[in-house]
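**Q** sequence unknown, structure follows:
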Ligand SMILES: NC(=O)C1=CN([C@@H]2O[C@H](COP(=O)(O)OP(=O)(O)OC[C@H]3O[C@@H](n4cnc5c(N)ncnc54)[C@H](OP(=O)(O)O)[C@@H]3O)[C@@H](O)[C@H]2O)C=CC1
Ligand SMILES: Cc1cn([C@H]2C[C@H](O)[C@@H](COP(=O)(O)OP(=O)(O)O[C@H]3O[C@@H](C)C(=O)[C@@H](O)[C@H]3O)O2)c(=O)[nH]c1=O
């Protein structure tokens, strides 16, 4: 199976391009992984996207490319839709024309956060931000264009490559005496290495449709930060604040935790609790 990763220099793309060849070896299922960074494919350009994908003729395209600066999307609406919606559409069209399966990565921010239990795949999206709306438009384009699709909604990703909530909080903890973190917004932190493993199941079991994938469990940003400091043994005064007191351009959901039952039932694979994954990540890459 030949797999093309688009957005291969991003946080998830990077993790996939390192993790998939390794999994293919240990699982003894041959896989050829081709990487396309932003300089190699410009997904907002339909002909460039088609030509670049046609050169590689993949069986599967994993689209990790996106405009992911949630606050910047609020003031760069054109770019947000060009990348997250039209870009997703161009990739889906190229996939359809070249008979390739498309795995499209999406987000928990397609939900409005009003539900007080974790979101499942049949819940109605109602995004609150430009980022969320543009990502939802991308999902719709993929669904309309190419029946041979899988949409994976993930949330609160952290891994080895690029900054993320964990690295930001660690820096703040080392720089400041007091760190203020939001206590009334909840979600499911997801370790990129675990996600790669889960995506291996999606690939090898040929899952189609929409799936939610995240580490098990739910926490607030505050609870997540508290666990980061506890595991890293950093003494800091952690102050809980309300979301309304954390000024940012985008409105983000109060609850965007993901119910992953559909994935567990389809694969028999349950993601480990977010606390265990976080500990593993910190031990491997931060506390060495
Ligand atoms: N990070 C998170 O917490 C979460 C991410 N997601 C989703 O997961 C996916 C991967 O996210 P993540 O890895 O964090 O994102 P990153 O921002 O780390 O990576 C995105 C990649 O896409 C590339 N890219 C941006 N615009 C274009 C374009 N027009 N054409 C081609 N490539 C482009 C970027 O290149 P360059 O930097 O050179 O522009 C970058 O390498 C995205 O779909 C995102 O919406 C979902 C939930 C949570
Ligand atoms: C740095 C910091 C963050 N926070 C909390 C509140 C704030 O809304 C949130 C912001 O952290 P981030 O910038 O990592 O969050 P954000 O960019 O909103 O993260 C999102 O990224 C996109 C791409 C997604 O798809 C989502 O799943 C989600 O992971 O963290 C604090 O409370 N205090 C702080 O000092």
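**A** Looks like it arrived, so ask away. No experiment lies behind these values; they were computed from the predicted model shown. Numbering: from 1, shown residues only. Ligands and ions are numbered 1, 2, ... in the order given.

**Q** so where's the stretch 1-150 of the chain uncertain?
**A** Counting by pLDDT under 70, the stretch 1-150 of the chain shows no low-confidence range.

**Q** can you map out the strands along it?
**A** Secondary structure of the stretch 1-150 of the chain (DSSP state E, counting those that start in this stretch): strands located at 2-6, 32-36, 60-63, 101-107, 149-154.

**Q** For ligand 1, give me its nearest residue in the stretch 1-150 of the chain.
**A** residue 10 (2.0 Å; C-beta to the nearest ligand atom). Heads up, the C-betas are built off the backbone N, CA and C, glycines and all.

**Q** distance of the nearest residue to residue 278 once chain neighbours are set aside from residue 13?
**A** Distances taken as C-beta to C-beta, 6 or more residues apart in numbering put residue 227 closest to residue 278, at 6.1 Å, once the chain neighbours are dropped. In this view, residue 227 and residue 13 are 27 Å apart by C-beta to C-beta, to the nearest Å.

**Q** same deal with residue 180?
**A** 32 Å.

**Q** Which of those two has more residues huddled nearby?
**A** Ranked by neighbour count (other C-beta atoms under 10 Å), residue 180 and residue 13 place residue 13 first, with 26 against 16.

**Q** quick one: the more buried one and residue 4 touch, right?
**A** No: counting by C-beta atoms under 8 Å, residue 13 stays clear of residue 4, with 10.8 Å between them.

**Q** intersection of neighbour lists for those two?
**A** The contact sets of residue 13 and residue 4 overlap at 35, 62 (C-beta atoms under 8 Å, 6 or more residues apart in numbering).

**Q** and stretch 106-114, does that touch ligand 1?
**A** Yes: judged by C-beta under 6 Å from any ligand atom, stretch 106-114 and ligand 1 are in contact via residue 107.

**Q** so how far is that stretch off the chain centroid?
**A** 12 Å (C-alpha atoms, centre = their mean, to the nearest Å).

**Q** Endpoints of that stretch, how far apart?
**A** Across stretch 106-114, the terminal residues are separated by 19 Å (C-alpha to C-alpha, to the nearest Å).

**Q** what ranges do the helices span in the chain?
**A** 11-26, 46-56, 70-75, 77-81, 88-97, 130-145, 165-175, 192-204, 221-232, 261-267, 274-281 (DSSP state H).

**Q** Select, out of these, the one closest to residue 246.
**A** helix 221-232 (8.5 Å; C-beta to C-beta).

**Q** how about the closest one: buried residues?
**A** By neighbour count on 16 or more other C-beta atoms under 10 Å, the buried set for helix 221-232 is 221, 222, 223, 224, 225, 226, 227, 228, 229, 231, 232.

**Q** my read: the last one touches residue 283, true?
**A** No: taking contacts as C-beta under 8 Å, residue 232 lies outside contact range of residue 283: 9.9 Å.
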